[in-house]
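In: Have a look; sequence and predicted model below, questions after that.
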Amino acid sequence: MHSAPQAPLSAQRLRLGYGRGKDRRAVIENLDLALPQGRVTAIVGPNGCGKSTLLAGLARLHAPQEGAVHLDGRDIQRLPARELARRLALLPQETQAPEGLTVAELIRFGRQPHQGVMRQWSGEDERVVEAALAAANLTDIADRTLDAMSGGQRQRAWIAMAIAQQTPLLLLDEPTSALDLGHQIEVFELVRGLAAAGKTVVMVVHDLDSACRFADHLVAMQAGRIISAGRPSDVVTEALVRELYGIDCTLLKDPATGSPILANMRRTAAPLAGATARASSQPSETGA
C-alpha cells in the first residue's frame with residue numbers, strides 16, 4: 001500500500017496574531033492545513049476571517065505565536081531567505097513599481113533569488129524571462145510600461161514576475177481584486193495554466209463562484225479557523241454559504257464544469273450556527 005504524497009506546504013496547530021503580553025490577540029487559532037501538490041487551492045471566507053493573515057503566515061511574513069508551517073517537511077522559519085525565495089513566491093494584494101518600469105524589467109526582478117556574487121545574469125535567466133512572458137501572454141508588449149497597461153495586463157505581469165522566480169509554490173493574495181469580470185477570468189485562466197504545468201498555487205479569493213470554478217481545492221474559513229476543506233463540490237453547501245456570509249441561496253451546478261453556482265441570493269435574518277453548517281458539509285480534509 002502506497003502512502004499519500006507529503007503536502008508541499010502545511011501548517012500544524014498554527015496560531016497567528018498581533019501584539020504582545022496582555023495585548024496579544026489571536027487571528028488564527030490552532031489551525032491545521034495541508035495543501036495538495038500541483039493543484040489550485042482557493043481560501044474563501046468573509047472579511048476579517050483571517051485569510052490574508054493565514055497567507056502571510058504560510059509565506060513567513062508573519063511569525064507564528066504557536067505551531068509551525070512546514071515547506072517540504074522543513075520548518076519554514078529555519079530556511080535561509082534565499083532558499084525560501086527559490087521555493088516559494090508570494091504576490092501580495094497591493095503591488096507597486098517605479099514609474100516607467102517596463103513589463104520585461106519587472107519580470108527580471110523575479111530572477112534575483114538566483115543571482116549572487118558567483119552567478120550574474122546569464123542566458124538561462126533571459127530564457128526564463130522569455131518563458132514567463134510567453135506563459136502570461138505578454139511577449140508582444142514586453143517593452144510597454146506598466147502604467148500604460150490595463151489592470152488585467154498589469155496583474156499578469158506581476159504573476160509573470162513570480163513565474164520567473166521559478167518556485168514550485170505560488171501564493172496569491174486576492175489576485176483579481178479591483179479587476180473587471182473579463183480581466184478576472186484572464187488572471188484565473190493563467191493560474192489554471194500554471195497548475196497544469198505542475199505548480200502548486202494558493203490564492204485568497206473573495207468571489208465564491210470563481211473559487212468554485214477555478215480551484216481544485218477549497219478552504220473555507222470563519223473567525224480564524226477552517227470549517228471545511230476539500231473539493232468545491234463537496235465543501236460548498238447552502239448551509240455553509242449561510243454560515244460564512246449570512247446569505248440564503250439556491251445552489252446550482254455549472255453544466256460545463258460541474259462546479260457549484262450560487263443563485264437566488266438574499267440576506268438571511270439569522271445565520272446558522274457553525275455546527276449546523278459543518279454537519280451539512282463533507283468532512284474537512286485538513287482535519288481542522
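Out: Noted; the coordinates are in hand. Numbers count the residues shown, from 1 in each chain.
In: CA atoms for contacts and neighbours, from now on please.
Out: OK.
In: for the helix ranked longest in the chain, packing partners?
Out: Ranked by residue count under DSSP state H, the longest helix found in the chain is helix 181-196. On a contact count with 3 or more CA pairs under 8 Å, 6 or more residues apart in numbering; DSSP states H and E, helix 181-196 meets strand 40-44, helix 151-164, strand 200-204, helix 208-214.
In: So which residues of this protein form helices?
Out: According to DSSP H, the helices that the chain contains are 51-58, 81-87, 103-108, 123-135, 151-164, 181-196, 208-214, 232-235, 238-245, 274-280.
In: between those, which one is nearest to G45?
Out: Distance to G45, taken as CA to CA, is lowest for helix 238-245 among the helices of the chain, at 6.0 Å.
In: How far off centre is that closest one?
Out: 21 Å (CA atoms, centre = their mean, to the nearest Å).
In: Quick check, pLDDT for the residue most central in space within the chain.
Out: A centroid search over the chain (CA atoms, centre = their mean) returns M203, at 1.6 Å, as the residue closest to the centre. Model confidence at M203, given as pLDDT, is 96.
In: Ok, the one 10 residues further on next?
Out: Among the per-residue scores, R213 holds a pLDDT of 95.
In: same check, this time on G100
Out: pLDDT, read off for G100, is 90.
In: Quick check: it vs D143, distance?
Out: For G100, the distance to D143 equals 10 Å [CA to CA, to the nearest Å].
In: Does A160 touch N137 like I think?
Out: No - contact criterion CA atoms under 8 Å: A160 and N137 do not qualify, at 9.2 Å.
In: buried ones in stretch 146-160?
Out: For stretch 146-160, burial by neighbour count (16 or more other CA atoms under 10 Å) applies to L146, G151, G152, Q153, R154, Q155, R156, A157, W158, I159, A160.
In: again, but for stretch 200-209
Out: Residues of stretch 200-209 classed as buried by neighbour count (16+ other CA under 10 Å): T200, V201, V202, M203, V204, V205, H206, L208, D209.
In: what does stretch 179-186 give?
Out: For stretch 179-186, using 16+ other CA under 10 Å, the buried residues are L179, H183, Q184, I185, E186.
In: per-residue pLDDT, the closest residue to Q112 other than its chain neighbours?
Out: In space, and not counting its chain neighbours, Q112 is closest to Q165: 7.7 Å by CA to CA, 6 or more residues apart in numbering. Looking at Q165, its pLDDT reads 87.
In: For A196, see how far away Q165 is.
Out: Distance from Q165 to A196, by CA to CA: 18 Å.
In: the more surrounded of those two?
Out: Q165 (27 against 13; other CA atoms under 10 Å).
In: Wait, the more buried one touches A89, no?
Out: Yes - counting by CA under 8 Å, Q165 touches A89, with 7.1 Å between them.
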